[in-house]
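K.L.:
my questions are about this predicted structure, shown below with the sequence.
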Amino acid sequence: MGVPFEALLPYGIMVGMFAFSAVSVGKLRQMQNGGKRARRGLDAWDRVMLERDRRLTGFMRGQTDKPEAPKGFELNNPWRVEYRFF
């Protein structure tokens, strides 16, 4: 005896919803990264460079081809100095 297709409809709907949510989350991550694919396996140096790019361009994955930093970037230092060292 065969399985009626009505019994398989909930499984089809669930698989469709999983596929839709996976595509949606992937597209959202891509939009958050400036249209580029998400980065994986970042080490400390990559994080420093991403922070530098964010300070230069305004978003993490942005890069610029200008040879000089924008005005005010020399004061935009991420390093914090203790007050006792002047």
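P.N.:
Okay, I see it. Numbers count the residues shown, from 1 in each chain.
K.L.:
so in the protein, which helix runs the longest?
P.N.:
Counting residues, the longest helix in the chain under DSSP state H turns out to be helix 5-32.
K.L.:
show me what that one is packed against.
P.N.:
For helix 5-32, not one helix or strand is in contact under the criterion 3 or more Cβ pairs under 8 Å, 6 or more residues apart in numbering; DSSP states H and E. Glycine gets a C-beta too; all of them are placed from N, C-alpha and C.
K.L.:
hmm, who's touching stretch 10-27?
P.N.:
Contacts to stretch 10-27, defined as Cβ atoms under 8 Å, 6 or more residues apart in numbering, come from no residue at all.
K.L.:
model confidence over that stretch, on average?
P.N.:
For stretch 10-27, mean pLDDT is 96.
K.L.:
export it as PDB, just CAs?
P.N.:
The C-alpha trace of stretch 10-27 is given here as PDB (Å, rounded to 0.1, in the frame of the first residue of the first chain):
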ATOM      1  CA  PRO A  10       4.200  18.600   6.300                       C
ATOM      2  CA  TYR A  11       7.600  17.300   5.600                       C
ATOM      3  CA  GLY A  12       7.800  19.200   2.400                       C
ATOM      4  CA  ILE A  13       6.800  22.400   4.200                       C
ATOM      5  CA  MET A  14       9.300  21.900   6.900                       C
ATOM      6  CA  VAL A  15      12.200  21.200   4.400                       C
ATOM      7  CA  GLY A  16      11.000  24.300   2.400                       C
ATOM      8  CA  MET A  17      11.100  26.500   5.600                       C
ATOM      9  CA  PHE A  18      14.600  25.200   6.500                       C
ATOM     10  CA  ALA A  19      15.800  26.000   3.000                       C
ATOM     11  CA  PHE A  20      14.200  29.400   3.100                       C
ATOM     12  CA  SER A  21      15.700  30.300   6.500                       C
ATOM     13  CA  ALA A  22      19.200  29.100   5.500                       C
ATOM     14  CA  VAL A  23      19.100  31.200   2.300                       C
ATOM     15  CA  SER A  24      17.800  34.200   4.200                       C
ATOM     16  CA  VAL A  25      20.500  34.000   6.900                       C
ATOM     17  CA  GLY A  26      23.200  33.600   4.300                       C
ATOM     18  CA  LYS A  27      21.900  36.600   2.300                       C
END
